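Asks: What follows is a predicted structure for the sequence shown.
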Amino acid sequence: MTAAASRTGRPPLTEQRKAETRLEIARAAVDLFVAQGVAATTGEQIGRAVGVSARTVWRYFPGKEACVRPLFALGIEVVADCLRAWRPGRPLEEAFEAAVPTDSRLVRGPDRTTIGALVRLTRTEPGLRAEWLQTYDEAEPAFARALAERAGLPAADLRPTIQAAMFNAALRAAVEHYAWRVTEETTDPATAEAELAATLRAALTVVAEGLRDSP
């Protein structure tokens, strides 16, 4: 038994449980941000929605806007895996169509509506916009490593770095294009799913034009 466990009488949280708690806090924060705005939302309210204290919320996140980061970052490794699996000579969108629909790490179901609402908020909430852009800054090196591995190039090679920047920008533009043009009043979940898939497919087709000469 660890010292921490003997002091509290409870076993320490596993990494999986910590990740689950972070995601629960993120979803609760988004619901509150959408319902009443970021300024009116407190750490106490976020914690109450999840069943934890505000102190616990701040243990996981440095500020309330940062609470949304797990939702933004959820698909980064999935996308990187798809890039590694992209076969030479095959359309880029094919790699994603084969893997994304069955990968449980990606946001799906009601969370797609949540993500759409959250991305729309980034237009008017500077703190959320900063978190959104920071997520893409962190994603780009992961995409570059995946493209380098696929091509058998060193991780520091300039070519996959540039390709990752192109891909990352296209991915962000596609998600924003979808989120800023789809409203809850006019789109049901099934239609939203189809529209998001179509938007991402179109973006991948465009970016593939710049990546088509990859090995």
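Replies: Noted; the coordinates are in hand. None of the values given here were measured: they were computed from a predicted structure. Residues are numbered from 1 along each chain as shown.
Asks: if you average pLDDT over stretch 83-102, what comes out?
Replies: Average pLDDT, stretch 83-102: 71.
Asks: Let's see it as PDB, backbone CA atoms only.
Replies: What follows is stretch 83-102, C-alpha atoms only, in PDB (Å, rounded to 0.1, in the frame of the first residue of the first chain):
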ATOM      1  CA  LEU A  83      -1.700   8.800 -41.600                       C
ATOM      2  CA  ARG A  84       0.700   6.000 -40.700                       C
ATOM      3  CA  ALA A  85      -1.600   3.400 -42.300                       C
ATOM      4  CA  TRP A  86      -2.200   5.500 -45.500                       C
ATOM      5  CA  ARG A  87      -1.000   3.200 -48.300                       C
ATOM      6  CA  PRO A  88       1.100   4.600 -51.200                       C
ATOM      7  CA  GLY A  89      -0.900   5.200 -54.200                       C
ATOM      8  CA  ARG A  90      -4.300   5.200 -52.400                       C
ATOM      9  CA  PRO A  91      -6.500   8.200 -51.800                       C
ATOM     10  CA  LEU A  92      -5.900   9.900 -48.400                       C
ATOM     11  CA  GLU A  93      -9.600   9.900 -47.500                       C
ATOM     12  CA  GLU A  94      -9.600   6.100 -47.900                       C
ATOM     13  CA  ALA A  95      -7.300   5.700 -44.900                       C
ATOM     14  CA  PHE A  96      -9.700   7.600 -42.700                       C
ATOM     15  CA  GLU A  97     -12.900   5.900 -44.000                       C
ATOM     16  CA  ALA A  98     -11.400   2.500 -43.200                       C
ATOM     17  CA  ALA A  99     -10.400   3.400 -39.600                       C
ATOM     18  CA  VAL A 100     -12.400   6.300 -38.200                       C
ATOM     19  CA  PRO A 101     -15.900   4.800 -38.200                       C
ATOM     20  CA  THR A 102     -14.900   1.900 -35.900                       C
END
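Asks: which other helices and strands contact the lengthiest helix in the chain?
Replies: With DSSP state H setting the assignment, residue counts place helix 126-151 as the longest helix in the chain. For helix 126-151, the helices and strands in contact under the criterion 3 or more C-beta pairs under 8 Å, 6 or more residues apart in numbering; DSSP states H and E are helix 69-73, helix 76-85, helix 110-121, helix 158-181. Where you see a C-beta, it was placed from the backbone N, CA and C, and this is true even at glycine.
Asks: from these, which stretch is densest packed?
Replies: Burial among the helices and strands packed on helix 126-151, expressed as mean neighbours by mean count of other C-beta atoms under 10 Å, is greatest for helix 69-73, which shows a mean of 21.
Asks: how about stretch 48-57: buried residues?
Replies: By 16 or more other C-beta atoms under 10 Å, the buried positions in stretch 48-57 come out as Ala49, Val50, Val52, Thr56, Val57.
Asks: could you redo those as JSON lines and give each row pLDDT and distance to Gly116?
Replies: Compiled in JSON lines, the buried residues of stretch 48-57 are given as follows (pLDDT from 0 to 100; distance: C-beta to C-beta, whole Å):
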{"residue": "Ala49", "pLDDT": "95", "distance to Gly116": "20"}
{"residue": "Val50", "pLDDT": "94", "distance to Gly116": "22"}
{"residue": "Val52", "pLDDT": "93", "distance to Gly116": "26"}
{"residue": "Thr56", "pLDDT": "94", "distance to Gly116": "28"}
{"residue": "Val57", "pLDDT": "95", "distance to Gly116": "24"}
